[in-house]
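Peer 1: Model the following, please.
(4 chains)
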There are 2 protein chains.
Amino acid sequence: MSATIRDVASAAGVSPSTVSRALAGSELVLPATRERVRRAAERLGYHPNRAARGLITGRTNNLGLIVPDLANPFFPGVVKGVQARAHESDLAVFVADTDENVSAEARLARSLAKQVDGLILCSTRLSEEELRSLTADIALVLMNRQVPGISSISVDNAGGMRQAVSHLAALGHRRVGYVAGPANSWSSSQRLRGLRSAAAEANVELIEFGNFAPHFGSGVAAADLALAAEVTAVMAYNDVVALGVLSRLSARGVAVPDQLSVVGCDDIALSAMCNPSLTTIGLPQEHAGHAAVDLLITLFDESRRDDPIDSELDTHLTVRASTGPAPST
Amino acid sequence: MSATIRDVASAAGVSPSTVSRALAGSELVLPATRERVRRAAERLGYHPNRAARGLITGRTNNLGLIVPDLANPFFPGVVKGVQARAHESDLAVFVADTDENVSAEARLARSLAKQVDGLILCSTRLSEEELRSLTADIALVLMNRQVPGISSISVDNAGGMRQAVSHLAALGHRRVGYVAGPANSWSSSQRLRGLRSAAAEANVELIEFGNFAPHFGSGVAAADLALAAEVTAVMAYNDVVALGVLSRLSARGVAVPDQLSVVGCDDIALSAMCNPSLTTIGLPQEHAGHAAVDLLITLFDESRRDDPIDSELDTHLTVRASTGPAPST
DNA sequence: ATGAAAGCGCTAACAT
DNA sequence: ATGTTAGCGCTTTCAT
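Peer 2: Prediction:
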């Protein structure tokens, strides 16, 4: 149906190899010939069959992106970033959502690995073993996770936590609750570590709740715990959870931030849109996506895979309406 | 690097074609042989190269999904649905986000068309002409858009509008504002039509604002218009816009729903999470995704493409905290 | 500077 | 029931 390289060749009166060279911009072809070929290709609406090319070059020009849950607005942000950058490099992107299911993730990763040049795994929960076995087969970039020997893009979780704690401390909060994320999540444990040390330094008492799944309902449940624990501020593993906290507090008639301050993490677009708007630790979602693609592209050069790069992006606290001075008791 | 069919063939002591047949589950191969082949394949970790297979079968087992903006939570819902169903049928999904940009959409559609068996275009703004030229090349399913001759999945926009208007009328609202979506959007015009006829029937006066881009900021701006127009309820083109309305009303100290009721459309997860929660017309996002994949799969059978199917899904009003009785004047 | 030939990994006739 | 052959569309030696 679609025109093949041979059609173009005969239309231009040259051989298929010349067409291939001309279209690849090879110097070895006469400018006049190249132009003739280009025009023939144009006229026939010819576009090389990527699968056929991949068969011989060993490159698909596709990349895979696996995320835990597109329903958490953090991930669409990443997807947008990955995509935008990938398309610039003429790479198409397979996207897969694991529904937070580890075995689904393993299956998807294995199956995608066969049809892409590289894979970006977002907040993966796969075991280090599995990850290492994947790297043997394919270029791999981890996002929000670090594993020795595998390249990654992560964010400065600890720094973000530190900023949030300083903010709360400055507002006079001395007793702060934390709604922890999933126990087996790398970012969750990173955040917890950063938080503990920041709290200790700032002389803030930290009350931990959880672990919780990274869902709205978790925040709803955690809000009651926070209230019972008589903290003056609550930090949550992520914005979706923080939104749950906010919702429950409102339902229970607790004024935010007058009675209780709330801090989220991720800075999803929604944080600015809800009421009260949410103070949150901003992670550069799209930028992280860009960075992941850039990193992946360097890994296409197999020789560079031996020396993994772990790159860490900055986080910034964005203060909004959900935090205020600690209530005087 | 990866094992090929020949490796399996020699390991199992048969020819490549037998391996191909055995793995395809052909009846023409001795059960014993099949088992031997299966085990050899297993042992070598063999998985057929899909690109090579596609080259000969003419099927890629990939499908493409193009959405306007993943930052609008409606679309991730669709993506999840599409993906889930596609994976069941062993199809991988390319996802592309056009950033609401028509020329980007055309480019992406053309470029994806070459590496997939079918394309799902979500809320596309492409011209009918372009769409028809695409259908010539590839199986196409439209979502939230109907074009004669092309299969589509859409929702009962008019029915949803009718439910919302009845709801408001029952609450005593007689003067209702509508924040219209983009002028060139099919669903926007559908919703407007449905709304007008429902309002007329229910004897509700309709004040139209817009057109507006489907963004949060549009709602912010429209809220002021609604206030100036002295309506008692505002309906918005979609939830993201409605959230903007809510936000601005809160900033201006207008109580929802006591002074003004607000209704959105889409039922994105956020609608239930914000404060006050949003009454909205629910569209079945994931279900629509499933339906689109199912429809696309029937179109893989080329003979069925002559007789396009337009399937319409139901919508349901979900009443939440943002609507209440009309204030007595 | 260009063409001819080989081959990527696979499946589908066509043998046997 | 299995093997042999050819060829999908392309790139890449190797010739010339």
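Peer 1: May I ask which helix or strand encompasses the nearest residue to residue A:239 once chain neighbours are set aside?
Peer 2: Distances taken as CB to CB, 6 or more residues apart in numbering or on different chains place residue A:264 nearest to residue A:239, at 3.8 Å, with adjacent residues excluded. All C-beta atoms are positioned from the backbone trio N, CA, C, and that covers glycine. Taking DSSP states H and E as the criterion, the element that holds residue A:264 is strand A:261-266.
Peer 1: Which elements pack onto that strand?
Peer 2: For strand A:261-266, the contact count by 3 or more CB pairs under 8 Å, 6 or more residues apart in numbering or on different chains; DSSP states H and E identifies helix A:157-170, strand A:233-236, helix A:239-251, strand A:279-282 as packing neighbours.
Peer 1: partners of that strand, with directions?
Peer 2: strand A:233-236 (parallel), strand A:279-282 (parallel) (DSSP bridges).
Peer 1: any idea of the mean pLDDT for the last one?
Peer 2: Averaged across strand A:279-282, the pLDDT comes to 97.
Peer 1: Over to stretch A:63-78?
Peer 2: Confidence over stretch A:63-78, taken as the mean pLDDT, stands at 97.
Peer 1: circling back to that earlier point, please give me every residue in contact with the residue nearest to residue A:239.
Peer 2: The contact partners of residue A:264, by CB atoms under 8 Å, 6 or more residues apart in numbering or on different chains, come to A:235-236, A:238-239, A:241-243, A:271, A:278-281, A:322.
Peer 1: Which residues does the helix or strand containing residue A:84 contact?
Peer 2: For residue A:84, the enclosing helix or strand under DSSP H and E is helix A:74-88. Surrounding helix A:74-88, the residues in contact under the criterion CB under 8 Å, 6+ apart are A:63, A:65, A:67-70, A:92-93, A:95, A:97, A:120, A:122, A:143, A:238-240, A:266, A:268-269, A:283, A:285-290, A:292-294, B:70-71, B:73, B:75-76, B:95-97, B:99, B:108.
Peer 1: any idea how far the residue positioned nearest the centre of chain A is from DNA strand D?
Peer 2: For chain A, the residue nearest the mean C-alpha position is residue A:78 (4.4 Å; CA atoms, centre = their mean). For residue A:78, the distance to DNA strand D equals 31 Å [CB to the nearest atom of the strand, to the nearest Å].
Peer 1: Quick one: the helices and strands packed on strand A:261-266 as a markdown table, columns for mean neighbour count too.
Peer 2: What follows is those, written out as a markdown table (neighbours: other CB atoms under 10 Å in any protein chain shown):
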| stretch | mean neighbour count |
| --- | --- |
| helix A:157-170 | 21 |
| strand A:233-236 | 32 |
| helix A:239-251 | 26 |
| strand A:279-282 | 26 |
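Peer 1: So which of these is nearest residue B:23?
Peer 2: Taking CB to CB as the measure, the helices and strands packed on strand A:261-266 were each checked against residue B:23, and helix A:239-251 came out nearest at 42.8 Å.
Peer 1: Give the other helices and strands that the closest one contacts.
Peer 2: Checked by 3+ CB pairs under 8 Å, 6+ apart, helix A:239-251 has strand A:175-179, helix A:216-228, strand A:233-236, strand A:261-266, helix A:269-273, helix B:269-273 packed alongside it.
Peer 1: who wins for proximity to residue A:153 among the ones you listed?
Peer 2: Relative to residue A:153, the nearest member of the helices and strands packed on helix A:239-251 by CB to CB is strand A:261-266, separated by 15.1 Å.
Peer 1: quick one, what contacts residue A:327?
Peer 2: If a contact means CB under 8 Å, 6+ apart, then residue A:327 has A:232, A:258, A:259, A:260 as its contacts.
Peer 1: Same list (those residues) but as TSV, adding neighbour count.
Peer 2: Converted to TSV, those look like this (neighbours: other CB under 10 Å):
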residue	neighbour count
A:232	22
A:258	10
A:259	14
A:260	26
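Peer 1: Show me which of the residues you listed is closest to residue B:27.
Peer 2: residue A:260 (68.2 Å).
Peer 1: before we move on, back to that, could I get the contacts of residue A:327 in JSON lines, plus columns for distance to residue A:210?
Peer 2: Below are these laid out as JSON lines (distance: CB to CB, whole Å):
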{"residue": "A:232", "distance to residue A:210": "19"}
{"residue": "A:258", "distance to residue A:210": "25"}
{"residue": "A:259", "distance to residue A:210": "22"}
{"residue": "A:260", "distance to residue A:210": "17"}
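Peer 1: And the furthest pair within those residues?
Peer 2: Checked with CB to CB, these reach their widest spread between A:232 and A:258, with 10.6 Å between them.
Peer 1: mind giving me the domain split of chain A?
Peer 2: Here the domain assignment for chain A is A:62-155+A:287-314, A:157-284, based on automatic domain parsing.
Peer 1: Can you list the buried residues in stretch A:105-121?
Peer 2: Using 16 or more other CB atoms under 10 Å in any protein chain shown as the burial criterion, the residues of stretch A:105-121 that qualify are A:105-106, A:108-121.
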